[in-house]
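>>> Sharing a model prediction with you, sequence too.
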Amino acid sequence: MHKPNFLQQTFKITAGIGLLVLSACSSGNKKNDKAANENAIVVTLSAPAANTGQGLNISGQVEASQTANISTRVMGYITMLKVKVGDRVSRGQLLATISNQDLLAKRGQTDAMIAEAEAHVKSAKKDFDRFTVLYGQQSATAKEVDNVTLQYSAAKARLDGARQMRNEINAQLGYTSLTAPFSGIVTQKLADAGSMANPGMPILTIEQSGSYQVSASVPENMISSLKQGANATITIGAINKTIQGTVSQINESSQYTGGQYIVKISIPDKDKPGLYAGMYANVNIPVAADAVVTTAENTAAMVPLQSVERRDQLTGIYTVSSNKTALLRWVRLGKVYGNQVEVLTGLDKTEQFIVSAEGKLYNGAPVKIK
């Protein structure tokens, strides 16, 4: 009988061992895949929404409906400044005083001039009355009556001039006591007590409290599509608030605004609490579709704010890689419209992203599409 040689036996043993190893590896991979699949985070995908541009999107700022710079028309030192930034003031409240000793001295001089003029008027009137009686008795000539009449009229004119001079000084004295023109809040304090106040130099700025509107700029190619009274959606990102306002004013000249037309959007009283002047706002005003100029801004992709991942100064969106793991894609965001935000770069308009997940996502985490 022929016995198998040593090489054949060795080959069979080696092949058997190899099959066992491959079987064990295959079994291990299946177990690992099964475990990864069981630990995968269930996610929901969505495609970016398109910003179709059915409206005019502009940027603006919240401002007080009424603002006043408090200044004086006389030169002098500020002797008292009773308010500071943040103080609430009422209409007619005294805010500051300017030194007025020189005006008080001038008023004293005019009072003396008035007293002297009144004495001259009394004396001239007596002469006028006496010569009028004498003229009736034919004891005085017409020339003498004309002279006393002229003297009487001149005395009355000097008295009237002195009184008008006192009115002028009283008006100037009024400029040395600065009062609030309306109820509001002090937003700027531009000088302190002891500083020299010059005519027209702002000392304080007051804004009417609780009365806010949004001021925004509209390009010249879109201003003709806006109408006063049109509805507008205001989004204020600082406080994550959306307000329905109304276009209340349209400036018809752009001469001093660099080709931009200023529009004002009123804010309802119920939405004014929590607002502060200076907050940035995004405004969307619906206009006819054929009036909207197509720009890159109007065709930007829109994603929900809740799907945005923030890391320090960076923002990202989770997508799904080819091997079914979460992949954080860094993106650059644009304007916020309600609960949606523009994605300017980093995400294709047709590329799906993770809009929600049933667990904590991280880069490389296994995911399962719901």
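That came in fine, so what should we check first? Numbering: from 1, shown residues only.

>>> which secondary element of the chain has the worst mean pLDDT?
When each helix and strand of the chain is scored by mean pLDDT, DSSP states H and E, helix 6-39 comes last, with a mean of 53.

>>> That one: what's the following helix or strand?
Following helix 6-39 in sequence order, the next helix or strand is strand 41-46 (DSSP states H and E).

>>> Point out where the chain drops to low pLDDT.
Applying pLDDT under 70 to the chain picks out residues 1-38, 49-54, 288-300, 337-339.

>>> For it, which segments count as helices?
For the chain, the helices defined by DSSP state H cover 6-39, 101-136, 142-174.

>>> same for the longest one, what does it pack against?
This points to helix 101-136. Here helix 101-136 touches helix 142-174, going by 3 or more C-beta pairs under 8 Å, 6 or more residues apart in numbering; DSSP states H and E. Using the backbone N, CA and C atoms, a C-beta is placed for each residue, glycine as well.

>>> ok and the helix it packs on relative to helix 101-136, angle-wise?
Interaxial angle, helix 142-174 versus helix 101-136 (axes from the mean of the first three to the mean of the last three C-alpha atoms, to 10 degrees): 160 degrees.

>>> Buried residues of helix 142-174, list them for me.
Within helix 142-174, the residues scored as buried using 16 or more other C-beta atoms under 10 Å are 145, 148, 151-152, 155-156, 158-159, 162, 165-166, 169, 172-173.

>>> Kindly format the C-alpha coordinates of the lengthiest strand in the chain as PDB.
Counting by DSSP state E, the longest strand found in the chain is strand 326-337. Below are the C-alpha coordinates for strand 326-337, written out as PDB (Å, rounded to 0.1, in the frame of the first residue of the first chain):
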ATOM      1  CA  ALA A 326     -21.600  60.800  12.000                       C
ATOM      2  CA  LEU A 327     -19.400  63.300  10.300                       C
ATOM      3  CA  LEU A 328     -19.200  66.900  11.600                       C
ATOM      4  CA  ARG A 329     -19.100  69.400   8.700                       C
ATOM      5  CA  TRP A 330     -17.900  72.900   9.500                       C
ATOM      6  CA  VAL A 331     -20.100  75.500   7.900                       C
ATOM      7  CA  ARG A 332     -20.400  79.300   7.700                       C
ATOM      8  CA  LEU A 333     -23.800  80.600   8.700                       C
ATOM      9  CA  GLY A 334     -25.700  83.700   7.500                       C
ATOM     10  CA  LYS A 335     -28.900  85.400   8.600                       C
ATOM     11  CA  VAL A 336     -31.500  83.900  10.900                       C
ATOM     12  CA  TYR A 337     -35.100  83.800   9.900                       C
END
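
>>> Give me the distance between it and the centre of its chain.
26 Å (C-alpha atoms, centre = their mean, to the nearest Å).

>>> Direction included, what does that strand pair against?
Strand 326-337 has its sheet partners listed here by DSSP bridges as strand 314-320 (antiparallel), strand 340-345 (antiparallel).
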